[in-house]
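**Student:** I need the structure of the sequence given here:
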Amino acid sequence: MTSTLLKLVLACGVAMTLSAPQAMAQSASYPDRPIRLVVPFAAGGATDVLGRLLAVGLGEKLGQSVVVENKPGAGTIVGATQVAKAAPDGYTLLLASNSTLTLNPAIRQHLSYDSVKSFTALGQVADMALVLVANPDTRLGSLKDLVTQAKAQPDKFSYGSFGSGSSVHFGAEMLKSAAGMRMVHVPFNGSAPSLTALVGGQTQVAVDTIVASQPLIKAGKIKALAVLSAQRHPALPQVPTVAESGYPGFEMGSWFALMAPAGLPAPVQQKLEKALADVANAPATQARMVELGLTPAYGNGATVQTRIEKELPAMRAVAARADIRAD
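**Tutor:** Numbering: from 1, shown residues only. As a prediction, this is how the structure comes out:
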């Protein structure tokens, strides 16, 4: 070994020796400044409210303020990419959804992040149920009615969604496949325009979140035919599931998880996981989630990883079958 090379090796060793205690000290003092929670959705919706609820709780547990930063765009890709590229120090977090972690990878060949390799999963937080709704003028009383009429008149029905590649788009296509029926997809830019078109009769049916649909259902402006979750929803206890309506095993919904950039130091990860568990399992937090129309569904980081690994191949199969691709 040359003297120059030997000096280089010794210098690297000294640098590593000096940096290790510094990194450990930084982890031990974490957090010593405010934390940023990126919510990849617009302000005002149920997901934004959920993010702010978690931010307050995490701030109390960690002893530092957690500031919500809304970064909507491209089906959560804008916010998710920003967090994936951030320093893995625990000061930048992401409230991800299944759109982020399993739907975008299923429909995009060149995604700016990897749903497994780009993030450290801290825990699952909540589920958001989806519902199949119809315009009352269609006189549809059940999912069975829809399937019967759609098979008899294949071009009769069009369904609205809040966007191509969204959870409701996937849910509707899964339903079409399970029932063997045809409907034309009409994507909108959000729940509000999709449900407005349904009320106005521009579309005959739609799949949307219970959160967005419930006020119109209660007002009698649209009719709920079936929920896409595995169990009936407390907000709509009289509405059967798709599985109960003749398609056993059917399930599709939205879900949310707290993520950090990949490479998070173990002590920081442990602090964040513990804080999230305490907040997500707190009765006050869970009560507020239910008020928002969400279903509390805490699970640790390993739960999130398992869910991604199980769901991603299934969503890729749905996308291939229904030819769902990014615009």
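
**Student:** From here on, just use CA atoms for contacts and neighbour counts.
**Tutor:** Fine.

**Student:** For the helix or strand harbouring Ala317, name the packing helices and strands.
**Tutor:** Here Ala317 sits within helix 301-322, counting by DSSP states H and E. Secondary-structure packing of helix 301-322 (3 or more C-alpha pairs under 8 Å, 6 or more residues apart in numbering; DSSP states H and E): helix 104-107, strand 119-134, helix 167-179.

**Student:** out of these, which comes closest to Arg325?
**Tutor:** Of all these, helix 104-107 sits nearest to Arg325, with 4.8 Å by C-alpha to C-alpha.

**Student:** could you pull out the strands for the stretch 101-250 of the chain?
**Tutor:** All strands of the stretch 101-250 of the chain, identified by DSSP state E, counting those that start in this stretch, fall at 119-134, 158-161, 184-187, 205-209, 223-227.

**Student:** tell me the centre residue of this protein?
**Tutor:** The chain has Ser97 as the residue nearest its centroid, 1.8 Å off, counting by C-alpha atoms, centre = their mean.

**Student:** which phi and psi does the residue nearest to that one when sequence neighbours are not counted have?
**Tutor:** Nearest residue to Ser97, sequence neighbours excluded (C-alpha to C-alpha, 6 or more residues apart in numbering): Phe256, at 4.3 Å. Dihedral angles of Phe256 (phi, psi; degrees, to the nearest 10) stand at phi -130, psi 140.

**Student:** Could you check the pLDDT of Phe256?
**Tutor:** Listed pLDDT for Phe256 reads 97.

**Student:** Could you do Ala42 as well?
**Tutor:** 83.

**Student:** Is it correct that it falls within a helix?
**Tutor:** No: if the criterion is DSSP: H, G, I helix; E, B strand; the rest coil, then Ala42 is coil and not within a helix.

**Student:** List the residues that contact the nearest residue to it once chain neighbours are set aside.
**Tutor:** Among residues not flanking Ala42 along the chain, Pro72 sits closest, at 5.3 Å (C-alpha to C-alpha, 6+ apart). The contact partners of Pro72, taken as C-alpha atoms under 8 Å, 6 or more residues apart in numbering, are 39-42, 78-79.

**Student:** Mind giving me the PyMOL select for the residues you listed, buried ones only?
**Tutor:** A single PyMOL command selects the buried members of the contacts of Pro72 (16 or more other C-alpha atoms under 10 Å):
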select buried, resi 39+40+41+78+79
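
**Student:** What is the most widely separated pair among the contacts of Pro72?
**Tutor:** Taking C-alpha to C-alpha, no two of the contacts of Pro72 sit farther apart than Ala42 and Val78, at 11.8 Å.

**Student:** overlap in contacts of these two?
**Tutor:** 71-72.

**Student:** related to what we said a few turns ago, contacts only, for the residue nearest to the centre of the chain.
**Tutor:** Ser97 sits in contact with 254-257, where contact means C-alpha under 8 Å, 6+ apart.

**Student:** Can you flag which of those residues belong to strands?
**Tutor:** Judged by DSSP state E, the subset of the contacts of Ser97 located in strands is 254-257.

**Student:** How is this structure divided into domains?
**Tutor:** The chain is divided into the following domains under the TED database: 35-127+253-322, 129-245.

**Student:** Redo these as JSON lines? Include distance to Ala28.
**Tutor:** Formatted as JSON lines, those follow (distance: least, C-alpha to C-alpha, whole Å):
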{"stretch": "domain 35-127+253-322", "distance to Ala28": "7"}
{"stretch": "domain 129-245", "distance to Ala28": "39"}
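
**Student:** Flag the shaky bits of this protein, pLDDT-wise.
**Tutor:** Low-confidence segments of the chain (pLDDT under 70): 1-27, 327.
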